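Undergrad: build me a model from this:
(2 chains)
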2 protein chains.
Amino acid sequence: PSPQSSNSLSATVLLILCMTSSANGGNILVWYTEASHWINMKPVLETLIDRGHQVTVLTPSVSLFMKTNEPSRFRYEPFNVSFSLETIEAFMEEFLQFSIYEMNQMSYLQIYIRFMDMMKTNVQVSLKYLDGVMKSDTTMKKLKEGNYDLLLADPIYPGSDLTAEILGIPLIFSLRFSIANNWERLCGQLPAPPSFVPAAMSKLTDKMNFSERVWNFVFYILQDIVLDNVFWKELDKYYSEVKGTPTSACEMMSTADIWLMRTYWDFDFPRPFLPNFKFVGGIHCRPAKPLPEDMEEFVQSSGNDGIVVFTLGSMVKNITTERANMIASALAQIPQKVLWRYRGEKPKTLGANTRISDWIPQNDLLGHPKTRAFITHGGTNGIYEAIYHGVPMVGIPMFADQPENLSHMKSKGAAVIVDFNSMKTEDLRDAVNTVINEKSSKIDNENAMRLSSMHRDRPMSARDEAVFWIEFTMRNKGAKHLRVQAHELTWYQYHSLDVLGFVITVVLLLILLSIKTCKYCFRMCCNRKRKTKAE
Amino acid sequence: PSPQSSNSLSATVLLILCMTSSANGGNILVWYTEASHWINMKPVLETLIDRGHQVTVLTPSVSLFMKTNEPSRFRYEPFNVSFSLETIEAFMEEFLQFSIYEMNQMSYLQIYIRFMDMMKTNVQVSLKYLDGVMKSDTTMKKLKEGNYDLLLADPIYPGSDLTAEILGIPLIFSLRFSIANNWERLCGQLPAPPSFVPAAMSKLTDKMNFSERVWNFVFYILQDIVLDNVFWKELDKYYSEVKGTPTSACEMMSTADIWLMRTYWDFDFPRPFLPNFKFVGGIHCRPAKPLPEDMEEFVQSSGNDGIVVFTLGSMVKNITTERANMIASALAQIPQKVLWRYRGEKPKTLGANTRISDWIPQNDLLGHPKTRAFITHGGTNGIYEAIYHGVPMVGIPMFADQPENLSHMKSKGAAVIVDFNSMKTEDLRDAVNTVINEKSSKIDNENAMRLSSMHRDRPMSARDEAVFWIEFTMRNKGAKHLRVQAHELTWYQYHSLDVLGFVITVVLLLILLSIKTCKYCFRMCCNRKRKTKAE
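TA: Okay, the predicted model is just below:
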C-alpha cells in the first residue's frame, strides 16, 4: 500500500476546494480575538474568502494584534472599547513577568492568589470588550443589518453566543481548550472520564498511575470550582442583565453548532468526543515557501550539520541580558547553524554559527530540508508547524498553555524540555544535541517524522475540514443533527443518578420484602410445628 | 452558500479515489459472513479492488449467501465446515418462524427462554465455523503463507481477532451493532451514558423520559448478563483452548484497530464515540441506474401518482396466503403503482396497479424520481438506500434489528410502522397514504429528504471513508494512535471508583480530624474556664 495515493488525494481535495468557490458565497461574521488566536484564525478566513465567502471581522479599537489598517481582504467592523492600548499592554506585561520570572519565587498559595487576581481582571477586561459590542446601539444595529449567515468565534473572548442568539444565526467555535476543558465538558457536553483523559493544563498524559489519576480527578473538580467563582458567576450576571432574564452563560455557550478543536491525535491524546466536535489541529499549517536569498545561503552553509530554528514566540519581546548571554553561548557550542528570532541587544557570547533577526519566516524554515531541530516556547501554532514538518523540539515553556503543550510533545518522544530560568549553558546545548542525535525510546527524531505522517495522513486536511463544517453549518442553518441530547439533561440525569437511586431502592425493597416473607413463612412454619408439638 | 460546491466536491473525491489506484496495492483478507452482512461488504471490496488491492475472502463450504462459484473479482479461500447447508437453512427457518409468527403468541418468559436457546445454538454454530479455520492445518497454513496486510471482518462471526493475532496483522471491524452495544462498549470502550444513548435493540430514542431511562439502564445490565452467560463464556473457553492460556475473548476483540460502524447521524442518534470508531452508514449506497425498459414503462405509466416499492428483504421468502391476500388488497386501494418483490403464489386480491416479481432492482427503483414510498421490512441496507434517495417508508418489521431500525426512522419522522401479524387492509393502505401525503410534525416526506441531505452532506462518502481507513491501517500497520488508554484500565479504574474511594476517605479523615481537634480545643477551653472559675 503506497502513501502517495493518499497524499495526492489530499492535494487534489485542496485544489478542488480552491476551485469550487461558489458564486453565492456566505456572509460570515468573525468574533474579535487576540494574539496567537488571531494568527491561527487568519488562514481559515483567507481560505473562506478564496471560496467566495464574505468575511467581516469584529475589531475592537484597542488590540495588540488586530489592526484594521493592515491591507487585507477582510471587511472590518470596528467597535470602541473604553480603555487604552497601554492598559492592555501593561496587563499583558504583568502576566508575562509573573509567568516567566516571578512565579518561580512564589509559594503555591501566593501563585494561586495572584493567578485568581489576574483571572478576575481578565474577565473584567473581556466584559469591557463585550460592552463595546452589546452596549453600543450603533454596533448592534450594524450587526443586525449585516445579514450574516454565521458567527465564527474563538470563545476566549465571551459574548459570541449571546450575539449569535440576538442575531438569530448559527455559531461555530474555534478553540484550543479551556482550563481542565471546563467549557467543552460542562457546556459542550464533551465526555472526559478522569481515568484516562488528562485535564487540559494538568500536564498529565493519558497514561496515569494511581496518584496521577487522583490528581487529575481533583484537578477537574478544583478548576470547576475556581471557574464557577471567577468566570461563570460574572458571565451569568452580565448575560442575565443583557437578556433581562436569569441566564446561564454556560447554557448559551452550549448552543454552538460546531466546536472546531485546534488539536488532533498527533498532538493530543485520543479521547471520547461528540459528533459536533471536529479536531482540526494544524489548521494553519502549509508547505514551506522558498527562503529569502541571503537566508537560503546561510542555511546552505550549514552543510550536513543542518540548522536549528529558534524563537520564543510573538508575545515574548525581551529576555534579560544574562539569559540571552547564556542562551547565545549554548548555541555557540553546537555544530549546527542557528537562526534565532531575537529582538534585544546582541548578546556578547553570540557564536559565529548564530544569526539573530527581528523576524524569521518560521514555517518556511521549519519546512526546510536542512532543519534539524526547533527551539520553541511551545505555543500551539509553532508546535503544529514543527509537527507538520516533522522537526523535533527543544521546549523552553514560558507561560499559559506552553508547559502543557510541550509535555505532550515530550510524552510523544518528540521534544526535550528545559527550564528557562534555571537552565545552564550545557543544559540547552545538551538538549539540542539530544533531540538531533539520540535514538532512544524517550526521544528520537523519527518520532517527529511519525507525528508528521499521522498529521498528514487523514481523509482531509485540517483547514479543509474546518472550512467544510463552516460551509455545512451555513448551508443547513445549523448542525442540529450532530447535537447530543445530553444538553437537555441535568447533571444527575446525565450520570443516571436518579435512575440508579430508583433501581437501588426497588432492589432493596424487593430484598426487604423477600426477607419479610421468608421470616413470616418461617414463623408460620415454627408456630405450626410448635402447635403440632403442643398437640 | 450553495450545496452544489460540496456535491461536486464529493463526486470528484470519488473520481480521484477511483483514479489513484496504487500499483503496489495491499493484500486484504476478508472474514466470512452471511446474508445482509455479506451484501453490505461487497461494494467496499469492489472499491478496494478498483483501487488496486487484492481481496481474498475466507468462504465456508456451507453458506446461504457466499458462493465461490459466482463470477467475481474476489479470490476465494474456501474452508470446510462440519455440517450441511440444510442444518443452517433449518436453523434460519426456525429463527424466522419464531420471530415473525410464534413470538406473538408467547409470554415474555417463553420468548426469553426460546431466544436464549437459539442464541446458544447460534454460538455453537459460529464456533463450528471457526473450527473450520482454526482446527484445519491446511487452512491455517494457507492463511499464514498468504502474507496478508490486513484482516477485514464483520465480528458477527467470532474468531477474526484471534486469527489476526495469529497472523500478526492489523484488524478492522465492520459492524452494524451488537445487542445493547455490548461489544462496542465493553471491548471497544465506546462510551454510552444510558441517560441519552439508547441501547441497541431497546427500541428507545435519545429523548427518554424517566421510565424510559430506567428501562434503558436496566436493558444494558440485563443484556450484559445474558451475553456474559451465553456468548462470552463460550468464547473465552474456545479462545483459551486455542491459545493454550486463559484468554478473554473481549480483550481479543478490543485489539481491533478501527471499528467501521455501519450507521451515521441520519439513521442513528448522535452519541459520544472514539477516534477509532468511524461511522460509515450507507457504505453500499450509490446512484440509481436506469431501469429495464418494461419496468421503466410500468413506472412511467403511474403518472403523477408515482410508484411504491415493496420488499420484505432477502431472508423472508414466504408469507402465508392470508397475509399475502390482505397485503395485495391493501395495495390495490392506493392510487400509486406498486412494484412488489414477492416469491409466493400470486395473491387472488392482487390489484391491476401492482406488479409482483421474484427480484427487483431495489436501489434503482428507490432512486427513481417517480418513487413516492418504500414498504420495507426495515433491514439496514434497504433503509439506507431509502435514506440515500430520500424516500419515506412504511415499515413492516419482521425480525432481528428490523423493529429497532424502523423505530429510528419513525422517531425521525420518515416512517410509519405497521405490525405484520395484526395489520388489516386499511392499516397498510392508510400507512402508505400517510407517508406519501401527510405533512405533520410526526411524519412528513420532507423529513426523508432532510435525512438524504444529511447523509450526503459530509466531507467524504461513507464508502470513501471506509476505504480511506482500511488503506490507512495497511499503510501504518495499525492505527494505534487512535486507541484510547481506557483499554488498559479495569472497570473500576475506568469509572474512577478507586480514586473516588480514596478521595472520600481522605475527606472523611480530614473532617474527623477537624472535629476531634475542635472537640479537643473546646474541652481545653472549657477546662481552662472551669479552672478560672474555680480559682
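Undergrad: thought residue A:155 was touching residue A:164, still the case?
TA: No: between residue A:164 and residue A:155 there is no contact under C-beta atoms under 8 Å: 11.1 Å. Every residue, glycine included, has its C-beta placed from N, CA and C.
Undergrad: distance of residue A:346 relative to residue A:337?
TA: 17 Å (C-beta to C-beta, to the nearest Å).
Undergrad: quick one: end-to-end length of stretch A:167-183, please.
TA: 22 Å (C-alpha to C-alpha, to the nearest Å).
Undergrad: tell me where the stretch 101-250 of chain A is predicted with low confidence.
TA: Within the stretch 101-250 of chain A, no range satisfies pLDDT under 70.
Undergrad: helices or strands up against the helix or strand hosting residue A:432?
TA: If you go by DSSP states H and E, residue A:432 is part of helix A:425-437. Applying 3 or more C-beta pairs under 8 Å, 6 or more residues apart in numbering or on different chains; DSSP states H and E, one finds that helix A:425-437 contacts helix A:321-332, strand A:371-376, strand A:393-395, strand A:415-417.
Undergrad: just the pLDDT at residue A:469, thanks.
TA: Here the pLDDT value assigned to residue A:469 is 98.
Undergrad: you'd agree it is in a helix?
TA: Yes: counting by DSSP: H, G, I helix; E, B strand; the rest coil, residue A:469 is located in a helix.
Undergrad: residue A:304: how many residues sit nearby?
TA: Here the count is done by other C-beta atoms under 10 Å in any protein chain shown, and residue A:304 has 7 residues near it.
Undergrad: against chain B, how distant is it?
TA: Noted for residue A:304: a distance of 30 Å to chain B, by C-beta to the nearest C-beta, to the nearest Å.
Undergrad: try residue A:452
TA: Residue A:452 is 12 Å from chain B, where distance means C-beta to the nearest C-beta.
Undergrad: which other residues reach the host helix or strand of that residue?
TA: Secondary structure assigned from DSSP H and E places residue A:452 in helix A:445-456. For helix A:445-456, contacts defined as C-beta atoms under 8 Å, 6 or more residues apart in numbering or on different chains pick out A:3, A:7, A:10, A:264-267, A:281-282, A:285, A:372-373, A:384, A:386-393, A:412-414, A:435-436, A:439, B:476, B:481.
Undergrad: which of these count as buried?
TA: Buried subset of the contacts of helix A:445-456 (neighbour count, 16 or more other C-beta atoms under 10 Å in any protein chain shown): A:10, A:264-267, A:281-282, A:285, A:372-373, A:384, A:386-393, A:412-414, A:435-436, B:476, B:481.
Undergrad: list the buried residues of stretch A:85-102.
TA: Neighbour counts over stretch A:85-102 (16+ other C-beta under 10 Å) mark A:88, A:95, A:96, A:98, A:99, A:100 as buried.
Undergrad: how far off centre is stretch A:470-483?
TA: 23 Å (C-alpha atoms, centre = their mean, to the nearest Å).
Undergrad: three-state assignment of residue A:143?
TA: Three-state call for residue A:143 (three-state DSSP): helix.
Undergrad: right, and it touches residue A:27 too?
TA: No: contact criterion C-beta under 8 Å: residue A:143 and residue A:27 do not qualify, at 11.5 Å.
Undergrad: between those two, who's got more neighbours?
TA: The neighbour comparison of residue A:143 against residue A:27 (other C-beta under 10 Å) goes to residue A:143, with 22 against 17.
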